[in-house]
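**Q** fold the following.
(chains A and B)
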Amino acid sequence: MDITTSIDVVASEPAAPALVARVANLTKSYGSHGARIDALRDVTVGIRRGEFTAVMGPSGSGKSTLMHIMAGLDSPTEGRVWLGDTEIGGLGDEQLTLLRRRRVGFVFQSFNLVPTLDVEGNLLLPFELDGRTPSPREREWIDELETVLGLDPRLSHRPHELSGGQQQRVAIARALVTRPELVFADEPTGNLDSRTGREVLQVLQSATRGYGQSIAMVTHDPIAASYADRVIFLADGRVVEDRPRMEASEIAAFMLAMEQAA
Amino acid sequence: MSGAGPASGVREHGSSILVALLSSAFGVALLQITGVLDDAIRADPITGRSTTVGIMLTVIAWVFIAIAIYVGSIVTANTFATIVAGRARSIALLRLIGSSARRQRRAVAREGLVVGLIGAVAGAAVGTGLAVALERLAVWADWLPEVAHDWADPGLAAPILAVVATTWLAAWVGSRRVLTVTPLQAIGGSQPLSLEEARSRPARNAIAITLFAVGTATLVLSMLLGLVTPFAVLIGVVGGILSFTGVVLGAHLIMPPALRLVGRMLGRSPSARLAAANALRYPERSSRTTIGVVIGVTLVTMFGVTVASFRLLIEAAQAEQPEVYEGTGAMLDGVTAVFSVLIGVSALIAAVGLVNALSLSVLQRTRELGLLRALGFSRAQLRRMILAESVQLTATAVLVGLVLGTFYGWAGAQSLLGSASGMPGIVAPGVPWTILAIVVVSAAVLTVAATITPARRATRVSPITALAVE
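**A** The predicted structure follows:
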């Protein structure tokens, strides 16, 4: 169950096939000598393939920074980062750009979609960035996603013509179209009402269960985290707990206990 | 209450101050120079009795000053509208804590007044300095006699005040959308705020279309009358003014389709497609951004084509009677050069507006650029996107200007010269190659110059910006 200890020993070995992304002894600091703030301190953790993982923690716990670094959006101060078998900690901007384009999908809290493109245009953007059109098999997959997520009647709509929930479904579809190794979701329900939020979480959950999609979701909402197969807790830049599927009430109680201990 | 510190105030208003400065410097310099010429003519014992030349010079000067100030006002109104759109959230916040929309708008207009004052006064100094330098140069080179000239003529206040007033007015017009900001917008949704919904303006459209139709019909009539009398050009001038006013008023009808057409020619790559969509995101803003350049290019091309057509006739006549037409070529060159420079100032003011518009639009799209970076847009792709936006704006403005200018110029030549050979004839439109070359090269320089700052800013945007919670 505790994946963190097993990684410590084999940090320089190729990633275990069960892990889609991992970091070893990761430290991220902001500011310079005088006012140095450590967002992450010596974190070692892995995201398992085919699982829906939630990264929980109070504001300032470093959970977003961890995700940014794992997704190739930010660079580590110290330590190593892998996506699959690729060590990405030392990659340049160009390579990280390609990595994000081809191997990672993103769902953000808001502002997920390019406002000047319609739904179809947003879904096809990852292919166009690579200068290609989807293959027939990819086209089938896109069509399936559009149907499953109920986007068919909305394909020619612009983002501003959609509700928040619909926008988030489009964002999820876009994150899935390239069948990325890992989808990062950063507070994907943060801007939604609770009913719409639950629907979005079910969509993410079924992407893992139905298609084996690996998903890592950053959240501070116990209900959102309760949809995940595994919950990793962060506090003060460290991993403090790593558990399989939990009930929302358990998560809330754990968070509360963490707050009180701090 | 700008809701921004002094540093961002300079960044936001720098270009408006520059526009006011250019307009005011141009107006003051032009009046100073015509004043010096007038003094020199009066001092001459032979020509000194006539005041006609002085009045004519002043009238011509004011035509060009008016065009420059008009273009400057469009640019400033556009800039203020863009700035206000970017400030929507802070305006909403002030509304939330109890400030009235009118008060907010007055505050924006006051910024315009300050901008106008700073620019106009600085411009007056620059313009006078320029005129003094030119006068000294002319006296030193013996082109002008040493004549006493009053450098502080009260008439100079007119362009300065006009610039202050039009800048103030432009800020007032540009800040219209402040009234549509609701306090609720401060609390924020997930949508980026847009203050520019497409508006239907039936009255304005009707006026624009009527002016254009009547003006063009008049112009065609003058071309036909030009077959028999050169005075037809007077009717042509009226027709041209009406028709071009229609074009400027109806810019929001003409420019978006033109931009779309040029956008399509840029190709289907994601950079080009996004650029094309960006240029049309706020059709009204793009129309106002480009119309200033259209005005400049149209007028320069019009003069160029008219003169070039005239030159064709002269050359034909010269072949028969060389001695009669000696020196006309040089004179035509001189007139074309002077007029082009005078119109060129307006084009320059429009160019400042275009550079600024692109820069502001990139500044206000930071999150979107972050999103594109997160999704896998490379820095090079972002840079290409911004270059494509710039190409689309300048190329469209220049093409529309060239087409309009060629038509008006040819219409002018036909109505003035259709009867010149003694019998009705069709004047072949001349092609002013030098002017065309200058226009195209300037447009290319403008295209690239407009992308420098925005591209640098855009490629510095971190993909994490897109994830930031607003």
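
**Q** for the stretch 151-262 of chain A, which segments are assigned as helices?
**A** Using DSSP state H, counting those that start in this stretch, the helices found in the stretch 151-262 of chain A span residues A:164-176, A:194-211, A:222-225, A:248-261.

**Q** what does the last one contact?
**A** Contact with helix A:248-261 is made by A:56, A:58, A:222, A:223, A:225, A:226, A:231, A:233, A:235, A:240, A:241, A:246, as judged by Cβ atoms under 8 Å, 6 or more residues apart in numbering or on different chains. C-beta: built from backbone N, CA, C; applies to glycine.

**Q** now the helices for chain B?
**A** For chain B, helices defined by DSSP state H occupy the ranges B:6-43, B:52-86, B:88-96, B:101-140, B:157-174, B:202-225, B:232-249, B:251-265, B:270-279, B:283-320, B:328-363, B:366-375, B:379-417, B:433-460.

**Q** want to try TSV for those, with mean neighbour count and mean pLDDT as columns?
**A** Compiled in TSV, the helices of chain B are given as follows (neighbours: other Cβ atoms under 10 Å in any protein chain shown; pLDDT from 0 to 100):
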stretch	mean neighbour count	mean pLDDT
helix B:6-43	22	86
helix B:52-86	21	87
helix B:88-96	20	83
helix B:101-140	18	93
helix B:157-174	22	94
helix B:202-225	17	92
helix B:232-249	20	90
helix B:251-265	19	90
helix B:270-279	24	85
helix B:283-320	23	86
helix B:328-363	20	86
helix B:366-375	23	87
helix B:379-417	23	91
helix B:433-460	17	90
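
**Q** next, count neighbours for residue A:18.
**A** 12 (other Cβ atoms under 10 Å in any protein chain shown).

**Q** with residue A:49 as the reference, measure out to it.
**A** Distance, residue A:18 to residue A:49, by Cβ to Cβ, to the nearest Å: 6 Å.

**Q** residues contacting residue 104?
**A** Unless you meant another one, I'm taking chain A. Contact analysis of residue A:104 by Cβ under 8 Å, 6+ apart lists A:71, A:72, A:83, A:180, A:181, A:182, A:183, A:184.

**Q** my question was about chain B
**A** Residues near residue B:104 by Cβ under 8 Å, 6+ apart: B:1, B:91, B:94, B:95, B:178, B:181.

**Q** tell me which of these is nearest to chain A?
**A** Distance ranking of the contacts of residue B:104 against chain A, using Cβ to the nearest Cβ, places residue B:181 first at 17.2 Å.

**Q** torsion angles phi and psi at that closest one?
**A** phi -80, psi 130 (degrees, to the nearest 10).

**Q** looking at it, it is touching residue B:92, isn't it?
**A** Yes. Counting by Cβ atoms under 8 Å, residue B:181 does reach residue B:92; the two are 5.1 Å apart.

**Q** skipping adjacent residues, who's closest to residue 121 in space?
**A** Since you didn't name a chain, this refers to chain A. Closest residue to residue A:121 apart from its sequence neighbours, by Cβ to Cβ, 6 or more residues apart in numbering or on different chains: residue A:114 at 7.4 Å.

**Q** not quite, I wanted chain B
**A** Leaving aside its sequence neighbours, residue B:121 sits nearest to residue B:160 (Cβ to Cβ, 6+ apart; 7.1 Å).

**Q** roughly how far apart are that neighbour and residue B:70?
**A** 16 Å.

**Q** before we move on, what about residue B:328?
**A** The spacing between residue B:328 and residue B:70, counted by Cβ to Cβ, is 33 Å.

**Q** could you do residue B:396 as well?
**A** Separation of residue B:396 from residue B:70 (Cβ to Cβ) stands at 21 Å.

**Q** same question for residue B:76.
**A** Plainly put, residue B:76 is 11 Å away from residue B:70 if you go by Cβ to Cβ.

**Q** up against chain A, what does the stretch 301-450 of chain B have?
**A** Proximity of the stretch 301-450 of chain B to chain A (Cβ under 8 Å from any Cβ of the partner chain) is limited to residues B:367, B:368, B:371, B:372, B:373, B:374, B:375, B:376, B:377, B:378, B:379, B:381.

**Q** and the residue of chain B found nearest chain A, how many neighbours does it have?
**A** Nearest to chain A, among the residues of chain B, is residue B:376, at 2.5 Å (Cβ to the nearest Cβ). Residues lying near residue B:376 (other Cβ under 10 Å) number 24.

**Q** do residue A:236 as well
**A** Residue A:236 has 16 nearby residues by other Cβ under 10 Å.

**Q** residues in contact with the closest residue to it other than its chain neighbours?
**A** Nearest non-adjacent residue to residue A:236, counting by Cβ to Cβ, 6+ apart: residue A:61, 6.6 Å away. Contacts of residue A:61 were listed using Cβ under 8 Å, 6+ apart, and they are A:234, A:235, A:236, A:237.

**Q** so which of those residues is the most crowded?
**A** residue A:234 (26 neighbours).

**Q** bridge partners for that one, pull those for me.
**A** Note on residue A:234: beta-bridge partners by DSSP bridges are residue A:239.

**Q** pretty sure it sits against residue A:60.
**A** No. If you go by Cβ under 8 Å, residue A:234 and residue A:60 don't touch, sitting 9.9 Å apart.

**Q** still on that earlier bit, the residue nearest to residue A:121 in helix, strand or coil?
**A** Classification of residue A:114 by DSSP: H, G, I helix; E, B strand; the rest coil places it in coil.

**Q** do the same with residue A:43
**A** Assigned with three-state DSSP, residue A:43 falls in the strand class.

**Q** what about dumping the CA coordinates of stretch B:19-28 to PDB?
**A** Extracted in PDB, the C-alpha atoms of stretch B:19-28 (Å, rounded to 0.1, in the frame of the first residue of the first chain):
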ATOM      1  CA  VAL B  19      -0.700  60.200 -30.100                       C
ATOM      2  CA  ALA B  20      -1.700  63.600 -28.500                       C
ATOM      3  CA  LEU B  21       2.000  64.700 -28.700                       C
ATOM      4  CA  LEU B  22       2.300  63.800 -32.400                       C
ATOM      5  CA  SER B  23      -1.000  65.500 -33.300                       C
ATOM      6  CA  SER B  24      -0.100  68.600 -31.400                       C
ATOM      7  CA  ALA B  25       3.500  68.700 -32.600                       C
ATOM      8  CA  PHE B  26       2.300  68.300 -36.200                       C
ATOM      9  CA  GLY B  27      -0.300  71.000 -35.900                       C
ATOM     10  CA  VAL B  28       2.000  73.500 -34.200                       C
END
